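Participant: mind folding the following:
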Amino acid sequence: MKTIQSSTIKEIDYIESENTLIVEFKRSGTYEYLDVPKSVYMALITAPSKGVYLSKYIRDKFVHEKV
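Facilitator: Numbering: from 1, shown residues only. As a prediction, this is how the structure comes out:
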């Protein structure tokens, strides 16, 4: 897991072989986002605001589940 500078996200990880993005939030636990392209993961980790990027481009676009 990669620690992130964010007010809402604690850590993120990406399992390339499964195209799975794992996001650990500071308050609401850990979620897996399925079928996320690596380019989306790379854009997330380089975005100026990880929380805004996740809300705009990931949260409602990919199937996800709390783990």
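
Participant: and the strands in the chain?
Facilitator: Per DSSP state E, the chain carries strands over the ranges 2-3, 9-15, 20-25, 29-33, 64-66.

Participant: need the residues that contact the second one.
Facilitator: Counting by Cβ atoms under 8 Å, 6 or more residues apart in numbering, the neighbours of strand 9-15 from elsewhere in the structure are 1-4, 20-26, 36, 38, 41, 44-45, 50-51, 54. All C-beta spots, glycine's among them, are computed from the backbone N, C-alpha and C.

Participant: got the contact list for Lys2?
Facilitator: Lys2 is in contact with Glu11, Ile12, Asp13, Ile45, counting by Cβ under 8 Å, 6+ apart.

Participant: residue at max distance from the center of this structure?
Facilitator: Here the centre of the chain is the reference, and by Cα atoms, centre = their mean the most remote residue is Ser17, at 15.9 Å.

Participant: top of the contacts of Lys2 by neighbour count?
Facilitator: Ranked by the number of neighbours (other Cβ atoms under 10 Å), the contacts of Lys2 place Ile12 first, at 21 neighbours.

Participant: and the gap between that one and Asp35?
Facilitator: Remark: distance between Ile12 and Asp35 (Cβ to Cβ, to the nearest Å) = 16 Å.

Participant: likewise for Lys56?
Facilitator: To Asp35, Lys56 is 18 Å away according to Cβ to Cβ.

Participant: do Ala43 as well
Facilitator: From Ala43 across to Asp35, the span is 16 Å (Cβ to Cβ).

Participant: which secondary structure element of this structure has the lowest mean pLDDT?
Facilitator: Least confident helix or strand, the chain: strand 2-3 with a mean of 85, by mean pLDDT, DSSP states H and E.

Participant: each with direction, which strands does that one pair with?
Facilitator: strand 9-15 (antiparallel) (DSSP bridges).

Participant: alpha carbons of the partner strand, in PDB - could you do that?
Facilitator: Only the C-alpha atoms of strand 9-15 are listed here, as PDB (Å, rounded to 0.1, in the frame of the first residue of the first chain):
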ATOM      1  CA  ILE A   9      -7.500   8.800   1.700                       C
ATOM      2  CA  LYS A  10      -4.900   7.000   3.800                       C
ATOM      3  CA  GLU A  11      -3.400   4.500   1.400                       C
ATOM      4  CA  ILE A  12      -3.900   3.200  -2.100                       C
ATOM      5  CA  ASP A  13      -2.700   0.100  -3.900                       C
ATOM      6  CA  TYR A  14      -3.100  -1.400  -7.400                       C
ATOM      7  CA  ILE A  15      -3.000  -5.100  -8.300                       C
END
